[in-house]
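S.K.: Here is the input, now give the coordinates:
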Amino acid sequence: MPTPKLSLPKIGSIVALNSHPFFQRSDKDTTFISGDQAILSPLMVVAEILTESKSAYDESTGTEIIKKGTFQYKCIWYSSKSGHFEESWISSRLIKLIETDTISLGSKDLEYGALVTFKTVSIELSKKKMSLNADTSSQKLNRTITGILPFTSPVLQIIGFLKSESKEPLIDIKTGEVRRIISSQLVKCKFFNFPADKFSDVVLPIEVLQKSYEISSTLLVTLNKAIADKTFLMTASQSPRFKETFIKPRHIVYKAGCYFLDGIDYLENRTVEVLIEGKENQFQFLDNKFDHLPNFTLEKDKLNIIGIGKKELEIFSKKIYWRIKYKDVSDNFSIRTIYEVSFFANSKTENGRPISIDYLKAKCILSNCEERFFRIDRIQSIKFLDIDFQENIK
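M.R.: Numbering: from 1, shown residues only. Okay, here's the model as predicted:
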């Protein structure tokens with residue numbers, strides 16, 4: 001069947017109303033929702049496309065409300081309130097494309113009982129709400145971040161297949177142009193409908209579904225052992241700046257058919273959730289033996305202490321990341337990862353005598369990778385993370 005000259009979107013594309021705060025998939029990691037989350041519209045998937053063959057105008061104002069050559073999209077989303085997949089026809093003038101290069105189900109995935117998910121699940125799972133709470137004792141604003149899950153669909157299991165047919169013509173018989181684009185195949189699925197407290201069946205276009213991640217029990221056992229043993233993992237970084245990072249795993253989290261690894265990103269020093277995709281070599285297990293200072297060793301009942309000073313630091317590689325615990329002039333502590341490290345000395349007069357103070361000059365990830373200076377005598381501890389920062393920058 002001929003295809004119209006569509007740039008965006010197409011069947012299977014993820015879209016949203018123009019009023020939605022997201023513009024692309026990556027916004028889930030950088031844009032937080034505040035205020036009343038109930039007024040937030042869902043992310044949707046295009047299931048059918050209709051070409052407008054003629055224009056139409058509002059009778060009272062004369063405003064063009066339907067423009068010839070534009071499109072109407074049948075959009076599907078899941079509502080946890082109703083427990084059903086809902087659909088609506090929406091003009092192309094009212095929606096924006098969020099993602100088009102999503103992988104749909106293939107014929108080899110169509111097995112009875114196979115686990116599948118609605119395409120918007122991974123983005124809906126990652127939506128976050130930020131709330132501000134005032135601490136009256138300290139006069140500080142505290143931020144609380146929680147998930148927003150009203151449009152997160154359940155895991156589906158395939159129980160049947162149907163032929164996709166349209167009661168309306170697909171081709172305009174007068175012009176020969178494509179009038180309507182429909183799904184290539186329909187898939188019947190079963191899921192647990194929580195609001196109705198029962199199992200429900202739904203028939204969906206194959207293009208709105210994707211294969212669920214296949215996670216082996218062996219991988220989960222290995223990751224749980226890494227958590228228990230406090231083993232560090234190297235994996236792809238979620239930051240747009242870096243290729244890889246170190247993760248100190250804490251928990252395995254299961255949400256809507258997806259497993260996530262919760263842990264601390266040692267480059268950005270923040271909590272992250274990494275989607276466990278089940279791919280080979282997604283995680284590289286490390287031996288936890290980062291060089292560190294201060295270093296305490298016991299030899300023949302004698303405690304040897306290697307402290308933190310310029311002399312001790314000079315022997316370590318300047319090509320890798322250094323993770324420091326730092327106390328500033330106000331006695332506030334922070335954890336920072338720095339790179340492009342060099343030494344800098346500054347002279348000052350104290351009690352009438354000139355003294356020299358040693359500093360580290362480095363780029364600080366916590367400070368948006370800008371250059372900062374750190375007094376060496378204020379560094380409380382330091383770990384040397386064995387990643388070449390030059391090779392790790394995207």
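S.K.: Helix or strand with the lowest mean pLDDT in this structure?
M.R.: Between all helices and strands in the chain, the lowest mean by mean pLDDT, DSSP states H and E belongs to helix 27-30, at a mean of 70.
S.K.: immediately after that one, which helix or strand?
M.R.: Counting by DSSP states H and E, the element after helix 27-30 in chain order, helix or strand, is strand 44-51.
S.K.: Pairing partners for that next one, with directions?
M.R.: According to DSSP bridges, strand 44-51 forms sheet pairs with strand 14-17 (antiparallel), strand 71-79 (antiparallel), strand 180-181 (antiparallel).
S.K.: Pull the residues that contact the last one.
M.R.: Surrounding strand 180-181, the residues in contact under the criterion C-beta atoms under 8 Å, 6 or more residues apart in numbering are Thr3, Pro4, Ile11, Glu48, Ile49, Leu50, Thr51, Ser166, Glu168, Pro169, Leu170. Quick note: C-beta positions are derived from backbone N, CA and C, even for glycine.
S.K.: between the residues you listed, which is closest to Arg353?
M.R.: Comparing the contacts of strand 180-181 against Arg353 with C-beta to C-beta places Ile11 closest, at 77.7 Å.
S.K.: State whether that closest one is indeed within a strand.
M.R.: No: counting by DSSP: H, G, I helix; E, B strand; the rest coil, Ile11 falls outside a strand, being coil.
S.K.: That one contacts Gln185, correct?
M.R.: No: using C-beta atoms under 8 Å, Ile11 is not in contact with Gln185; the gap is 11.4 Å.
S.K.: what ranges do the helices span in the stretch 101-250 of the chain?
M.R.: Assigned by DSSP state H, counting those that start in this stretch, the stretch 101-250 of the chain shows helices spanning 121-126, 217-228.
S.K.: Between the two ends of stretch 307-315, how far is it?
M.R.: Stretch 307-315 has an end-to-end distance of 13 Å (criterion: C-alpha to C-alpha, to the nearest Å).
S.K.: neighbouring strands for the helix or strand containing Trp89, and are they parallel or not?
M.R.: If you go by DSSP H and E, Trp89 is part of strand 84-91. Note on strand 84-91: by DSSP bridges, its sheet partners are strand 71-79 (antiparallel).
S.K.: tell me the mean pLDDT over the partner strand?
M.R.: The pLDDT scores in strand 71-79 average 94.
S.K.: Could you give me the buried positions within it?
M.R.: Applying a neighbour-count criterion of 16 or more other C-beta atoms under 10 Å, one finds Phe71, Gln72, Tyr73, Lys74, Cys75, Ile76, Trp77, Tyr78 buried in strand 71-79.
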